[in-house]
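Q: sequence plus the predicted model coming up.
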Protein chains: 2
Amino acid sequence: MKDASELCRSTFSATAFVANPRAMEKCVRYIHQDLNRSFKMEFLDTPDSEDEHYEAQRAKELNKIYGPKGSPKAYDFMFDMHNTTSNMGACIIVSSAQKSFELHMANYLKSNFTDTKCFIWISKLEDWESHTVNSICKNGITLEVGPQPQGVARAECLAQMKVLIQHGLDFIDKFNQGSAFPGFEMEAYVTINHQDFPRHSNGEISGVIHPKLQDKDFLPLHPGEPIFQTLDGSEVTYEGESTIYPSFINEAAYYEKEIAFYKMAKKRITVPAIQAQMD
Amino acid sequence: MKDASELCRSTFSATAFVANPRAMEKCVRYIHQDLNRSFKMEFLDTPDSEDEHYEAQRAKELNKIYGPKGSPKAYDFMFDMHNTTSNMGACIIVSSAQKSFELHMANYLKSNFTDTKCFIWISKLEDWESHTVNSICKNGITLEVGPQPQGVARAECLAQMKVLIQHGLDFIDKFNQGSAFPGFEMEAYVTINHQDFPRHSNGEISGVIHPKLQDKDFLPLHPGEPIFQTLDGSEVTYEGESTIYPSFINEAAYYEKEIAFYKMAKKRITVPAIQAQMD
């Protein structure tokens, strides 16, 4: 943030910001509500009100600067940088399989990112309204690097994020310069749904991620394999009908969202060619 | 906590409690001040006051139940159970090299704990007044299991803690039954001091733990070897005169304490024989 020169390319300039500075200062995800689920068009269009809590105000503020969401004035692209306690390597999240520009970037990042595992995560096959911060710009991806504990900076995670951002900016620069990106097929992980922890009748968690599943993000989970170990020592197995690929296994921020892991399907995705229309 | 039977032995009963329930509910270390540095005799002896913040009140409350500190009425033993983001394996913390009972227990735990690395950490060679929660009882140790991110329960860390506690209770039971524990020598890590992160003049951290040091708790660090990587890409090396053994490397809770890691010396400690005086 102190040296924007690393972020600029010949065809554009870029700016860095902290989405939730108050939360960062307190070393928590948010003060009142998850900012990164707060960018709903219906809400952003309502008039400001002094009664609104911090993240509601901040969402509107960011929308004014980098949006407005859905308008021609919105910024062209946003990278949303995250880390996770899950063993996700470098994971590139694209909100929909319809987002050709983002999928080309994801493919470019994956091809150029050789120092650790790299996975492409697609939230939905169809178009939908995402409520994450990057949804206020015309295009955007989310980058997840892990495992890294909350409240800790690990050198290799910082380095991985830096490399991802550098390649992402290079990709935009190439696109802006008129490079043709031919259509292709790629492997990606598409969300099916998510799995809660086992719970007692009072809602308390009664089991933890099974040691055989822990840290196995994006590896196949077959029906009948263990997913939880209850505190009284028994095993809970995966009872689905087909093999899935769990992700965000044991992510700290998702306990409150009742997500022990996401269930993903591995899919072949067809991405059409893209090329900037030069003036 | 729901089934105390695992905690009891023929010669004693034991009870489990959460030291800081409000902090646990919020998934933070503490509300106003670190409870585990709040058990100072001088403070505990002052009259209660309604103005005192939560952890001050809670320290006095715990001291009334399990202490009073330094009195004959205090509980005989307390295990203080922790987890750390550092790669400490199973670490047994004893406040002083003068604590023979605790050192015998640590030795017993280390001998019986075979499924991961186990280290004995001694805060000081001489006697001193510790301010941790277990200091209110006549004897006590602190158990640190890691690495585990904050806000995450990992099955293998839970299992390790359970095994340590079971063996610790067994040790007390053997002692109570009159078993003789002969004197011995052991290897332990004794605190020299601690190392802060590199900082800008405004106090902000300017570098992170070097990848070559990260996760290397209790391994030798030689003079001239890298300890930090600054955000502008340069290396900071360890400039001490002798080999040390870092611990608590990159522990999340210690950023605010300005501790990037503890510097430890590896020592041979002589522990005298102990045996309960039977009535």
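A: Nice, thanks for sending it over. Numbers count the residues shown, from 1 in each chain, chains lettered A, B, ... in the order given.
Q: where does the residue located most distally from the centre of chain A land in three-state SS?
A: Farthest-out residue of chain A from its mean C-alpha position, per Cα atoms, centre = their mean: A:Asp232, at 34.4 Å. Judged by DSSP: H, G, I helix; E, B strand; the rest coil, the three-state class of A:Asp232 is coil.
Q: got phi/psi on it?
A: phi -90, psi 10 (degrees, to the nearest 10).
Q: next one: it relative to B:Ala153, how far apart?
A: With distances taken as Cβ to Cβ, to the nearest Å, A:Asp232 is found 15 Å from B:Ala153. C-beta here means a position set from N, CA and C on the backbone, and glycine is covered the same way.
Q: A:Ser38 too?
A: 28 Å.
Q: how about A:Gln177, nearest residue that isn't a chain neighbour?
A: Among residues not flanking A:Gln177 along the chain, A:Thr11 sits closest, at 6.1 Å (Cβ to Cβ, 6 or more residues apart in numbering or on different chains).
Q: which residues sit in contact with the one you found?
A: Contact partners of A:Thr11, counting by Cβ atoms under 8 Å, 6 or more residues apart in numbering or on different chains, are A:172-173, A:176-177.
Q: let me see the contact set for A:Lys64.
A: Shown in contact with A:Lys64 (Cβ under 8 Å, 6+ apart): no residues.
Q: do the one 3 residues further on as well
A: Under the criterion of Cβ under 8 Å, 6+ apart, the contact partners of A:Gly67 comprise A:44, A:73-75, A:136-137.
Q: can the residues you listed go into TSV with extra columns for pLDDT?
A: Compiled in TSV, those are given as follows (pLDDT from 0 to 100):
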residue	pLDDT
A:Leu44	96
A:Lys73	97
A:Ala74	98
A:Tyr75	97
A:Ile136	97
A:Cys137	98
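Q: returning to what we had before: quick one: the residue nearest to A:Gln177 from chain B, how far?
A: 26 Å (Cβ to the nearest Cβ, to the nearest Å).
Q: A:Glu156: neighbour count?
A: 15 (other Cβ atoms under 10 Å in any protein chain shown).
Q: got the phi and psi for it?
A: phi -70, psi -30.
Q: so it sits against B:Asp215, correct?
A: No. Contact criterion Cβ atoms under 8 Å: A:Glu156 and B:Asp215 do not qualify, at 10.1 Å.
Q: around chain B, pick out the residues from the stretch 51-200 of chain A.
A: A:85, A:147-156, A:158-159 (Cβ under 8 Å from any Cβ of the partner chain).
Q: show the buried residues in those residues.
A: Neighbour-count burial (16 or more other Cβ atoms under 10 Å in any protein chain shown) applied to these gives A:85, A:147-155, A:158-159.
Q: tabulate those (a markdown table), appending secondary structure.
A: Below are these laid out as a markdown table (three-state DSSP):
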| residue | secondary structure |
| --- | --- |
| A:Thr85 | coil |
| A:Pro147 | coil |
| A:Gln148 | coil |
| A:Pro149 | coil |
| A:Gln150 | coil |
| A:Gly151 | coil |
| A:Val152 | coil |
| A:Ala153 | coil |
| A:Arg154 | coil |
| A:Ala155 | helix |
| A:Leu158 | helix |
| A:Ala159 | helix |
